[in-house]
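**Student:** Got a sequence here, can you build the structure:
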Amino acid sequence: MIVSIGEGDRIAAVLDDLGRLLARPLVTLERVRLCKRDGVKLAEPAHLPETDPSGLGVWQKLMVYTGEQSRHDGHPVHHQLVRALRTANAAGATSPRGIFGYHGDHRPHGDTFRQLRRRVPIVTILIDTPERIRRWFAIVDELNDEAGLVTSEMVPAFRATGPAGRRGGLHLAERAAGGA
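**Tutor:** Model (predicted):
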């Protein structure tokens, strides 16, 4: 999976090149809001309604892109985020490692042969209700104070099942007015 964030026309300009590199590429285009870059807050997550016009629940996602080497108080940012979110009773967060990545004018980073430390990208993902996402963004904002990228977007359907029961559903909510 390749995740790219930017203006639509700039992304469209590279799609033909990607099509030549990949046998059967699948492209998904989503509206996202860029909330933070390199520790600088650019915007809050969009204030979405809790339900769409038909009454279906609206879900929102925060994605925090950092690197394995990104630190807060001497600890990896993704570890600090997951711990702080768990302490605050967030429903869940996950931090998968990538293979190779870059953002803006930063140099590409990833694993290379004969290196002592991993330098792979990591994305921490949270999905919750818009009200709760605003709470979790305050934690993300505090802990992601120097590096990385934070985006927010609406999730049209979400279902989580666990020991405490089931949340959400698989019916698609209508796009909420007011943004990503």
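
**Student:** Please name the residues that touch residue 43.
**Tutor:** 33, 34, 35 (C-beta atoms under 8 Å, 6 or more residues apart in numbering). For the C-beta atoms, the positions are set from N, CA and C on the backbone; glycine is no exception.

**Student:** Relative to residue 68, how far out is it?
**Tutor:** 26 Å (C-beta to C-beta, to the nearest Å).

**Student:** With residue 36 instead?
**Tutor:** 19 Å.

**Student:** What of residue 44?
**Tutor:** Distance from residue 44 to residue 68, by C-beta to C-beta: 27 Å.

**Student:** if you count what's nearby, which of these two comes out ahead?
**Tutor:** Neighbours per residue (other C-beta atoms under 10 Å) separate residue 44 from residue 68, with residue 68 holding more: 19 against 15.

**Student:** what about stretch 10-18, average pLDDT?
**Tutor:** Stretch 10-18 comes out with an average pLDDT of 84.

**Student:** what do you get for stretch 82-90?
**Tutor:** The model assigns stretch 82-90 a mean pLDDT of 93.

**Student:** next one: that stretch to chain centre, how far?
**Tutor:** 16 Å (C-alpha atoms, centre = their mean, to the nearest Å).

**Student:** What residues sit buried inside that stretch?
**Tutor:** For stretch 82-90, a neighbour-count test (16 or more other C-beta atoms under 10 Å) marks 82, 84, 85, 90 as buried.

**Student:** how about the residues you listed in CSV, adding distance to residue 98 and secondary structure?
**Tutor:** Listed next are the buried residues of stretch 82-90 as CSV, based on distance: C-beta to C-beta, whole Å; DSSP: H, G, I helix; E, B strand; the rest coil:
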residue, distance to residue 98, secondary structure
82, 17, helix
84, 22, helix
85, 20, helix
90, 22, coil
